[in-house]
Structures are given as C-alpha cells and as structure tokens.
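Asker: prediction below, plus the sequence it came from.
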Amino acid sequence: METNDALFPALLKPAWHDLPGSVRAMHGATPRILARGKADVEGDGNVMLRTLRWLLKLPPPGPEQALELCIERQGHREIWTRRFARGQMQSTLRHDATATHLWEQLGAVTLRFTLRPDADGVAWQLNGARVLGIPVPRSWLGTVHSHSGERDGRYAFTVDTRLPWLGRLVAYRGWLEIVTDD
C-alpha cells in the first residue's frame with residue numbers, strides 16, 4: 001500500500017511528514033503492525049460506568065497492564081485489536097468520503113474525530129457520535145481527550161473519556177514499541 005493511500009497520511013496531508021518517527025511508523029502504510037507495551041487504565045467505579053465499559057469491551061482499570069496492539073490495514077480502513085492484561089477491545093477506523101474526519105466504530109458506537117497535528121504528534125478531537133447509527137446529541141458525549149505522540153523515542157498515547165453526570169468512563173495512557181515477532 002502506498003503511504004498516500006493509508007488512512008492517517010490521507011487525513012493529515014502535508015502535516016504527516018512533520019510527525020515524530022514513531023507516530024509515522026505506527027500510523028503509516030504497513031499492512032500489519034504488531035506493537036507491545038504498557039498502559040495504566042483508570043475508570044470510575046459506579047455501576048453504570050462499569051456496565052458501559054463491559055458493553056463496549058473497554059479495559060477494566062488497573063495499573064501497568066501489559067498491552068498488545070495489532071493494526072491490520074485494508075486501504076482506508078484499519079482494524080485495531082488492543083489486548084490489555086485484563087481485557088480485549090477492537091475497533092475499526094476509516095475516513096469519510098471527503099477524507100476530513102476519522103470514524104472509529106467500537107461495537108454499537110461510532111465516534112467522529114478531527115485529527116489535529118501538533119509538535120508532539122496528533123490530537124484526536126471528538127466532534128460527533130452515533131449509537132446504532134442514530135446521531136447522539138453533542139452534550140451527551142462529554143469529553144474525550146486523545147493524543148498519539150512520542151515520548152523517550154517510543155510511541156506514546158493518552159485517552160481520557162468522561163461522560164456527563166456519570167464521570168470517567170475510561171482513561172488509559174502508556175507506550176508501545178513495534179515488534180517483529182508474532
């Protein structure tokens with residue numbers, strides 16, 4: 001696959017070339033990536049949030065969980081399988097017809113992001129969602145802070161999702177290194 005045909009280079013256009021090397025390696029055109037690392041996972045403990053995490057197959061809280069990420073690319077579509085020490089979550093990423101938004105489908109929920117390159121990597125700005133194909137009012141989405149970057153020469157990430165009235169659904173941050181052994 002050509003780099004220009006890959007999902008993230010198509011969305012980030014010229015800014016793609018200014019990203020740190022580990023970010024370009026993780027989000028480039030290689031058909032299959034396997035990466036391993038660690039992540040700290042947090043989430044509030046109320047029953048509603050625990051149930052939502054379970055329904056969406058989000059990882060349960062726990063410090064320094066082993067993490068494996070497999071990205072399989074098929075044109076402008078990527079399947080991400082994240083295996084945390086305490087659970088697995090899978091999502092499918094693609095872009096819209098105009099290549100301006102990134103869509104991530106996680107079970108019955110589809111999130112729409114705008115990718116914003118910055119000095120350290122890429123901020124993922126949530127600006128829409130659908131549940132079972134039905135648009136969700138923006139006020140129901142709460143806040144999602146998501147960033148992919150580089151720290152100490154390694155791919156680093158942070159995700160923090162908070163829902164109105166309920167609290168922190170999930171937050172995870174950590175690092176990954178691409179490995180060659182399957």
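Answerer: Okay, I see it. Residues are numbered from 1 along each chain as shown.
Asker: how about residue 33: what's its closest non-neighbour residue?
Answerer: Leaving aside its sequence neighbours, residue 33 sits nearest to residue 71 (CB to CB, 6 or more residues apart in numbering; 4.3 Å). Every C-beta, even on glycine, is put in place using the N, C-alpha and C of the backbone.
Asker: what's next to the longest helix along the chain, contact-wise?
Answerer: Ordering each helix of the chain by length in residues (DSSP state H) puts helix 47-56 first. For helix 47-56, contacts defined as CB atoms under 8 Å, 6 or more residues apart in numbering pick out 43, 58-60, 89, 106-107, 109, 163, 166-170.
Asker: wasn't residue 155 part of a strand?
Answerer: Yes - the assignment for residue 155 by DSSP: H, G, I helix; E, B strand; the rest coil puts it in a strand.
Asker: and the pLDDT for it?
Answerer: Looking at residue 155, its pLDDT reads 96.
Asker: so it is in contact with residue 177, correct?
Answerer: Yes - counting by CB atoms under 8 Å, residue 155 touches residue 177, with 7.1 Å between them.
Asker: just checking, next helix/strand downstream of the longest helix of the chain?
Answerer: Under the assignment DSSP states H and E, the closest C-terminal helix or strand after helix 47-56 is strand 62-74.
Asker: which neighbouring elements make contact with that following strand?
Answerer: strand 32-42, strand 77-84, strand 167-178 (3 or more CB pairs under 8 Å, 6 or more residues apart in numbering; DSSP states H and E).
Asker: which strands or helices does the helix or strand of the chain with the lowest mean pLDDT pack on?
Answerer: Scoring the helices and strands of the chain by mean pLDDT, DSSP states H and E places helix 138-141 at the bottom, with a mean of 81. Here helix 138-141 touches strand 121-131, going by 3+ CB pairs under 8 Å, 6+ apart.
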